[in-house]
Every structure is written in C-alpha cells, then in structure tokens.
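Chemist: Sequence and predicted model, in that order:
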Amino acid sequence: HLGIFACRNSYSRPDARRSEHATADALDISAFRLANGQRVTVLNGWKAEKTQPWLQALLSASCGYYGNGLGPDYNAAHANHFHLGMRGYGLCR
C-alpha cells in the first residue's frame, strides 16, 4: 500500500479540506501480490486486458465496505492506486 496516515489537506492544497488520510480514515493500495507470486499494479493493470476486469471488480466490491472508493477513472491523481476512504461520500469510481 502507499499509505494510511498523512496529516495534510486534500491534494496538499492549502485551501482544501483535511484529507481522509489526515485522520487515518483512508487507505491507498497500489498493487496486489497474488498467491502465485505475481504482482499486479493498479497503474499497469487497470488497462491491461488480463487484469482490468479483476481490478475493476475489486474496486467495485470495496465500495460495499468503504464510504468511497476512487481509482484511475476518477482523476489523474488516482492513476496508480485505489483510494479507499471511510467517509460516506458514496463515490465509487
């Protein structure tokens, strides 16, 4: 994973609200290690024919457990990871 706690505003902008990471209410995941040892990264796997459906299913399923789930289709800042947050925004993209 990329991180959980970082006391900062969203996107590190001075005028933005506190990030979910500022209160450890979010988790960023950049890759998954499979049982066979293969490493699947969000950055390379999101558009790959073999891994895209699996990664999309993971992000979609995470929204049932977290208040929001953001991935590469949300914006460029999330191109390389899944952001799983506890705040109940209901965003899942």
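Modeler: Perfect, I can see it now.
Chemist: any idea how far the worst-scoring helix or strand of the chain on mean pLDDT is from the chain center?
Modeler: The weakest-scoring helix or strand in the chain, judged by mean pLDDT, DSSP states H and E, is strand 26-29 (a mean of 89). Relative to its parent chain, strand 26-29 has a centroid offset of 5 Å by C-alpha atoms, centre = their mean, to the nearest Å.
Chemist: Can you name every helix or strand that it contacts?
Modeler: strand 82-85 (3 or more C-beta pairs under 8 Å, 6 or more residues apart in numbering; DSSP states H and E). For the C-beta atoms, the positions are set from N, CA and C on the backbone; glycine is no exception.
Chemist: for the strand it packs on, packing partners?
Modeler: Checking 3+ C-beta pairs under 8 Å, 6+ apart, strand 82-85 ends up next to strand 26-29, helix 52-62, strand 68-70.
Chemist: hang on, the earlier thing: and the contacts of the next helix or strand after the least confident helix or strand of the chain?
Modeler: Later in the chain than strand 26-29, the nearest helix or strand by DSSP states H and E is strand 31-33. The contact list for strand 31-33, computed with C-beta atoms under 8 Å, 6 or more residues apart in numbering, reads 39, 40, 41, 42, 58.
Chemist: Next, count neighbours for the first one.
Modeler: Neighbourhood size, residue 39 [other C-beta atoms under 10 Å]: 10.
Chemist: looking at the helices and strands packed on strand 82-85, which is closest to residue 83?
Modeler: Checking the helices and strands packed on strand 82-85 against residue 83 by C-beta to C-beta gives strand 68-70 as the closest, at 4.2 Å.
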